[in-house]
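Student: Show me the folded form of this:
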Amino acid sequence: MLDLPPDYWPIIALSLKVSAVAVGAMLPIAFALAWILARWQFPGRMLLDALVYLPLVVPPVVTGWLLLLLFGANGPVGRWLADWFGITLLFRWTGAALAAGIMALPLMVRAIRLSIESVDRRLEGAARTLGAGPLRVFLTISLPLSLPGVLAGVILGFARSIGEFGATITFVSDIPGETRTLPIAIYAALQAPGAEAVVTRLAIASILLSLTALLLSEILARRMGAGVRSYRV
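Tutor: Numbering: from 1, shown residues only. Take a look at the predicted model:
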């Protein structure tokens, strides 16, 4: 067990909550985007593809700045959410979840898209010839066969959210107890003299959480992949 000061355990709990909410909120969007990019052909598809993966290549600070412009108090989306629903994301843990979700979205889309593209379209066609409608084909053929990628995307997105720093601190700043997630806590501890031991423990906690998520993703993907292969047979 990590010998962390008691006031650091809530930071880990907050990081887990932020990551879980980020992945849960982005999963339907990631699946929809993956399905569109894998199955649809339309003008502007390459542009959509580039926009989806843009957070992977631009500095995270830029992503946080764009979120600040859109979801800030004077931003078009932020003002609309505040006026109509009383929702404020700026300087809130929900804003941290949004930033983490945006940064995790490309990894989730990539994993799910590859899984959807690997689905044998002949199985779907055979189901249609037997009288199955589009929804039934999706629920009984397409979705089960793409589940390994969905699961891998969820866990990879969770691991990415755990390590998110740049977009989060730019968008929601560093507020103890509200937006101070594990990476931000490590950065804050680095600024304090004599905090090397705390930084080391927090870094170990971060590495263990991310490594556990990645190993779990690999194990579950292999097991579900074996199940999918038997399902195809």
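Student: Might you report the residue contacts of residue 181?
Tutor: 11, 14-15, 18, 96, 100, 164, 168 (C-beta atoms under 8 Å, 6 or more residues apart in numbering). Bear in mind the C-beta positions are built from the backbone N, C-alpha and C, glycine included.
Student: 6 Å - rerun?
Tutor: Contact partners of residue 181, counting by C-beta atoms under 6 Å, 6 or more residues apart in numbering, are 15, 18.
Student: Show the average pLDDT along the longest helix along the chain.
Tutor: The helix that spans the most residues within the chain, counting by DSSP state H, is helix 196-232. In this model, helix 196-232 has a mean pLDDT of 75.
Student: same thing with stretch 79-86?
Tutor: pLDDT averaged over stretch 79-86 gives 90.
Student: quick check, distance from it to the centre of its chain.
Tutor: 25 Å (C-alpha atoms, centre = their mean, to the nearest Å).
Student: Tell me the buried residues in that stretch?
Tutor: residue 82 (16 or more other C-beta atoms under 10 Å).
Student: now stretch 18-33
Tutor: 18-19, 21-23, 25-27, 30-31, 33.
Student: One more: stretch 211-220?
Tutor: For stretch 211-220, by 16+ other C-beta under 10 Å, it's 213, 217, 220.
Student: what number of residues lie near the nearest residue to the first one once chain neighbours are set aside?
Tutor: Leaving out its chain neighbours, the residue that sits closest to residue 213 by C-beta to C-beta, 6 or more residues apart in numbering is residue 159, at 3.9 Å. By other C-beta atoms under 10 Å, 22 other residues sit near residue 159.
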